[in-house]
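> sequence and predicted model, in that order:
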Amino acid sequence: MFAQQDTVSYSLEEIIDYSLQNQPVFRQMKLQEDIADAQVRSDMSGWFPQAGVFADYFRYFEQPVAIFPDFNNPESGQFQEVRTGVPFNSNVNFFVEQSLFNNELFLAKGQAELRRKEAAYQVEEFKQDLILEVGRAFYETLLSQEQIRINKEDLVRQERQLKDARLLYEAGITDNIDYKRATITLQNTQAALFEAQQDYKAMMAVLQERSGVTQPIRLVYDEEKLVLSSSLDTLETVEVGRRPDYQLLLTQQDLQGEQVSYFRRRFIPTLSAFFNYNIIYQTPFGNEIFNRAYPNSLAGLRLNFPIFQGGRRNHDIRAANLEFEQLQYAEDGLLLQINREHEEALSGYKSRFYEFRILESNKQLAEEIYNTVSLQYEEGIKNFLEVIQAETDLRTARINYYNALFRMMTSRLEVLRARGTIDVNIYD
């Protein structure tokens, strides 16, 4: 799907660092902080003076009628209809308004930093999840890569064994049993290699999706460093304050607390100061409308005081308090969830660590057995079947070893994620 590009080598730390800079979904998520900041600034802009101009132009086809007393004979009690104004009118109004006391703006001010913190914790939570997912995909892909390497090494050795077995058979030294066994072993390894190569392609696609890397990748790692960094303090307890999802929930509680305060303040009035400057143009003749202006100006205070709203304020307060109570229950549930996640991750890590130590020993024993059997076969002590069996045990032990190593390292990442301490420098 991607254009042909050069293969790039990545360690786990390098690919995590790359993903935090280029992964499309994470880059999209990081915009949430900028969006929250822009929304906060928009809401807080109401504290600044609001200025504007509006104008209109209109023509009466029928001028309005006003009813006045008969000024010529006021005692008569009669009224007369008088058309007022002129046909052509225009009005330009410039206004400035400054909020002095506004509950909506108090809410915006109280929630401003909390909303920024909320967005930051959302990004941090996503970041830690991304590091875990990239790490998991890295180790799964690395296992397929190691399986390919092991099978290729076995193929080289088995092709040589098949050639030797065929020469011995053609020379009449042995029957065709060893030759056929070597053929079967070679074909089994070829099948295993093909399967590993297909798994590698699928795993690589997953890794590229999670990391955002588009070019071909070759995974590199230091096995000795990996083993040395595999240890973890299993006695350390989880500190919920380091979990971004817990901090996010606390921030949401604070936001809801501000919302409750906002509804409680709904009884206070809204007060603002204003200044208006108007220019009125009037004329009976359309082509003369802007020849003369009639300006006027005024300044004052505007008060809006709610008297009765049908109990709306009380209902809003009750609903906001119930939503705050929901968040408190959510905190209790999250604490239980965090404890479960940590215990599951820690239990999995302990099991994988123990399994790795056992399989590491098995690999060493399998290597010793294979080397001994191969030497004894060359000296005529062991038969070819025992060589094949030792080789099969060695390949299985090596694959199991790498599988256990990478599963252990994945479990280590899961523990760090459960503790809220996972970061780019995952080996520190």
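That came in fine, so what should we check first?
> host element of Leu168?
Element membership for Leu168, per DSSP states H and E: helix 103-170.
> ranges for the helices of this protein?
Taking DSSP state H to define them, one finds helices in the chain at 12-22, 24-44, 103-170, 177-211, 223-228, 244-264, 312-378, 384-419.
> ok and the third one relative to helix 24-44, angle-wise?
Spelled out, it's helix 103-170. Put simply, helix 103-170 runs at 180 degrees to helix 24-44, going by axes from the mean of the first three to the mean of the last three CA atoms, to 10 degrees.
> report all helices and strands that helix 103-170 contacts.
helix 12-22, helix 24-44, helix 177-211, strand 217-219, helix 244-264, helix 384-419 (3 or more CB pairs under 8 Å, 6 or more residues apart in numbering; DSSP states H and E). Placement of C-beta: from N, CA and C, glycine included.
> tell me the most buried of these?
The highest mean neighbour count among the helices and strands packed on helix 103-170, using mean count of other CB atoms under 10 Å, belongs to helix 384-419: a mean of 20.
> now the angle between helix 103-170 and it, please.
Going by the same axes, to 10 degrees, helix 384-419 makes 170 degrees with helix 103-170.
> got the angle for helix 384-419 vs helix 312-378?
With the same axes, to 10 degrees applied, the angle from helix 384-419 to helix 312-378 works out at 160 degrees.
> and the gap between Gln309 and Ala320?
Distance, Gln309 to Ala320, by CB to CB, to the nearest Å: 16 Å.
> what about those two, which has more around it?
Higher neighbour count among Gln309 and Ala320: Ala320, with 19 against 12, using other CB atoms under 10 Å.
> ok, now which ones touch the more buried one?
Gln256, Gln259, Val260, Tyr262, Phe263 (CB atoms under 8 Å, 6 or more residues apart in numbering).
> try 6 Å
Counting by CB atoms under 6 Å, 6 or more residues apart in numbering, Ala320 touches Gln259, Val260, Phe263.
> now the second one: closest residue in space, sequence neighbours ignored.
The reference is to Val260. Among residues not flanking Val260 along the chain, Ala320 sits closest, at 4.5 Å (CB to CB, 6 or more residues apart in numbering).
> try the first one
Excluding the flanking residues, the one nearest Gln259 by CB to CB, 6+ apart is Ala320, at 5.1 Å.
> just the pLDDT for that neighbour.
pLDDT, the model's per-residue confidence, is 95 for Ala320.
> how near is the closest residue to Gln256 other than its chain neighbours to Leu336?
Leaving aside its sequence neighbours, Gln256 sits nearest to Phe324 (CB to CB, 6+ apart; 4.6 Å). Separation of Phe324 from Leu336 (CB to CB): 20 Å.
> who has more neighbours, these two?
Phe324 (17 against 10).
> look up which residues are beta-bridged to Arg218.
For Arg218, the beta-bridge assignment (DSSP bridges) gives partners Ser9.
> domain assignment for this protein?
8-46+102-269+309-419, 56-101+273-304 (automatic domain parsing).
> where among those domains is average confidence lowest?
domain 56-101+273-304 has the lowest average pLDDT among these, namely a mean of 89.
> for the residue positioned nearest the centre of the chain, list the residues it contacts.
With distances taken as CA atoms, centre = their mean, Phe126 lies nearest the centre of the chain, 3.2 Å away. Applying CB under 6 Å, 6+ apart, we find Phe126 in contact with Met29.
> what's the spacing between it and Ser229?
25 Å.
> and if you look at Asp332?
36 Å.
> okay, those two: which has more neighbours?
The residue with more neighbours, out of Asp332 and Ser229, is Ser229; 14 against 9, by other CB under 10 Å.
> list phi and psi for the more buried one.
phi -90, psi 10 (degrees, to the nearest 10).
> tell me the bridge partners for Phe68.
Residues in beta-bridge contact with Phe68 (DSSP bridges): Gln80.
> and it, how many neighbours?
Neighbours of Phe68 (other CB under 10 Å): 10.
> same question, the one 10 residues further on
Residues within reach of Gln78, counting by other CB under 10 Å, total 10.
> OK, contacts around it?
Contacts for Gln78 (CB under 6 Å, 6+ apart) come out as Asp70.
> Ile67 versus that one, what's the distance?
For Gln78, the distance to Ile67 equals 11 Å [CB to CB].
> now Leu31
In this view, Leu31 and Ile67 are 63 Å apart by CB to CB.
> kindly report the same for Asn93.
Using CB to CB, one obtains 28 Å as the distance from Asn93 to Ile67.
> looking at the two, which is more packed in?
Neighbour tally, Asn93 and Ile67, criterion other CB under 10 Å: the higher count belongs to Asn93, 14 against 8.
> that one and Asn278 touch, don't they?
Yes. The criterion here is CB atoms under 6 Å, and Asn93 meets it with Asn278 at 5.0 Å.
> contact partners for the closest residue to Glu341 other than its chain neighbours?
Spatially, and ignoring its direct neighbours in sequence, Glu341 is nearest to Ala418 (4.5 Å; CB to CB, 6+ apart). With CB under 6 Å, 6+ apart as the criterion, the residues that contact Ala418 are Glu341, His342, Ala345.
> my guess is the second one meets Val238, correct?
Right, His342. Yes. Counting by CB under 6 Å, His342 touches Val238, with 4.3 Å between them.
> Phe48 versus Ile358, what's the distance?
As for Ile358, its distance to Phe48 is 69 Å (criterion: CB to CB).
> got it, and Ser230?
Going from Ser230 to Phe48 by CB to CB gives 57 Å.
> between those two, tell me which one has more neighbours.
Set Ser230 next to Phe48 and count neighbours by other CB under 10 Å: Ser230 wins out with 18 against 9.
> list the residues that contact that one.
Met408.
> if we go to 7 Å?
Residues in contact with Ser230 (CB atoms under 7 Å, 6 or more residues apart in numbering) are Phe353, Met408, Met409, Arg412.
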